[in-house]
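*Asks:* just the structure for this:
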Amino acid sequence: MTVRNVADELALRELVARYADAVCRRDAAAWGATWAADGEWRIMGQIVQGRDEIVALWERFMAGIPQVIQIPHEGLIEIDGARASLRWYVTEQGKLSDGSALVMTGVYLDECVKEDDVWLFAKRVFHSLYSGPPDLSADFRPLPAELVKEFAGR
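*Replies:* Numbers count the residues shown, from 1 in each chain. Presented below is the predicted three-dimensional model:
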């Protein structure tokens, strides 16, 4: 690994951290700044493109979750010049608008792009592996085969 790759890897890890920090602080501007202008977000059966549409969907989601903590776990990074692929697991805990507890664990399959020396998310695909009560009594969901195939080797 070259010095440049180490610097890029650290910058990509910081990108994931900035994303999670903005979720926890409910900061739409900071969260939106982690996305490329023409980015794509696939989450919970929805696909949106473009930073403005992505932020608008995030704001709708966040309206139903008044308290949330997103905890990114360690991830895998593959860098190829000004593009990178990431696989990152996260856990979210919080309270929904109705007062019930939220526990979700999932995986982001990401494509990132380096623009003007800044790494941004070009595409994030989120798959929930678990969503349910804090006692983990709900069913876990495996990663769909099409995502395993699309992101093979990452």
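*Asks:* state the distance from the residue nearest the centre of the chain to Asp135.
*Replies:* Central residue of the chain (C-alpha atoms, centre = their mean): Tyr108, 5.0 Å from the mean position. Distance from Tyr108 to Asp135, counting by C-beta to C-beta, to the nearest Å: 25 Å. Glycine gets a C-beta too; all of them are placed from N, C-alpha and C.
*Asks:* check Ala101 too.
*Replies:* With distances taken as C-beta to C-beta, Ala101 is found 10 Å from Asp135.
*Asks:* one more: Ala17?
*Replies:* Taken as C-beta to C-beta, the span from Ala17 to Asp135 is 29 Å.
*Asks:* same question, Leu12
*Replies:* 34 Å.
*Asks:* please say which of those two ends up with more neighbours.
*Replies:* When Leu12 and Asp135 are compared for neighbours, Leu12 comes out ahead with 23 against 8, by other C-beta atoms under 10 Å.
*Asks:* what residues are up against the more buried one?
*Replies:* Contact analysis of Leu12 by C-beta atoms under 8 Å, 6 or more residues apart in numbering lists Ile77, Ile79, Ala84, Leu86, Cys112, Trp119.
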